[in-house]
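Asker: Sequence first, then the predicted structure, then my questions.
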Amino acid sequence: MDEESKQVGIVPTREALRIAREKDLDLVEVAPGAKPPVCKIMDFGKYKYQQSKKQAQKKAPELKEVKLRPRIDEHDLQLKVRNIKRFLDAGHKAKVSMFFRGRERARPDIQKPRHEGNSIIMVLAPSSK
């Protein structure tokens, strides 16, 4: 295959290397298991750079948010916990926000975590294994 991904046909290795050198590009074996092996004329440095950019783009973790209230039912709480575990297993961070209304925030002195306004926010990150 040439640099525009057009099929050239079966070409001897020396001839393919000569064509690649003339165009100041590399001859890269794309499918070594095929009969005959498939090679492509390309700029290998540019190809590796594009692959590393794609890889870095895939691994960027997202911040997933779960919202709670203090008077949540047990089943609903278990569902939220299951979602948080799923987010962490996928490599994402999880933001847990607990919102208070009315009398739920009447006694901030007895609530152990410090909260600002009407919410408490906690961010969980997956382990670095």
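Answerer: That came in fine, so what should we check first?
Asker: any idea of the mean pLDDT for the helix or strand hosting residue 21?
Answerer: Taking DSSP states H and E as the criterion, residue 21 maps to helix 13-22. Here the mean pLDDT over helix 13-22 is 84, rounded to a whole number.
Asker: Please apply the same query to stretch 91-106.
Answerer: Here the mean pLDDT over stretch 91-106 is 83, rounded to a whole number.
Asker: Pull out the buried residues from it.
Answerer: Judged by neighbour count (16 or more other CB atoms under 10 Å), stretch 91-106 contains these buried residues: 92, 94, 95, 96, 98, 99, 100, 105. For the C-beta atoms, the positions are set from N, CA and C on the backbone; glycine is no exception.
Asker: Backbone dihedrals for the closest residue to residue 29 other than its chain neighbours, please?
Answerer: With sequence-adjacent residues excluded and distances taken as CB to CB, 6 or more residues apart in numbering, residue 29 is closest to residue 39, at 5.1 Å. Geometry field for residue 39 lists phi and psi as phi -120, psi 160, criterion degrees, to the nearest 10.
Asker: list the contacts for residue 39?
Answerer: Neighbouring residues of residue 39 by CB atoms under 8 Å, 6 or more residues apart in numbering: 1, 16, 27, 28, 29, 30.
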